[in-house]
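> A predicted structure for the sequence below; I have some questions about it.
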Amino acid sequence: MHYDKKDAKRRILAHFRALDPDSGYILPRRWVEDRCLRTMPPAARPVVEEAVCDLVTIGILSEVRKGMGRLALTDLGAELILRN
């Protein structure tokens, strides 16, 4: 079965959109992936991981404290998903 990477990206960004501004828009990478997979089958894990990598590559998310596995919403990402 094919799992949609675009849908996974939407799900991931929805978690950042729902955050309180005091959070600094930073989440643990594993939490983001696992939370996204709650509504998808385990076989979709590679698609979700690839979606996270794509969001980092295009500059919507950035990896902070790589050893800790945290993702942060960039200024570009904030402009795209937090505008009213």
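Right, received. Where do you want to start?
> quick one: Ala58 from Arg38, how far?
Not Ala; residue 58 is Ile. Distance of Ile58 to Arg38, given as Cβ to Cβ, to the nearest Å: 25 Å. To be clear about C-beta, it is placed using only N, CA and C from the backbone, and glycine gets the same treatment.
> Spatially, what comes nearest to Glu49 if we skip its sequence neighbours?
In this structure, Glu49 finds its nearest non-sequential neighbour in Glu33, 6.3 Å apart by Cβ to Cβ, 6 or more residues apart in numbering.
> Remind me which helix or strand the one you found belongs to.
If you go by DSSP states H and E, Glu33 is part of helix 29-37.
> swap in Glu79?
Using DSSP H and E, Glu79 falls in helix 75-81.
> isn't Ala44 right up against Leu37?
Yes - using Cβ atoms under 8 Å, Ala44 is in contact with Leu37, at 6.3 Å.
> hmm, which helix or strand of this structure has the shakiest average pLDDT?
helix 29-37 (a mean of 89; mean pLDDT, DSSP states H and E).
> what mean pLDDT does the helix or strand following that one have?
As assigned by DSSP H and E, the chain's next helix or strand after helix 29-37 is helix 45-57. Across helix 45-57, pLDDT averages out at 94.
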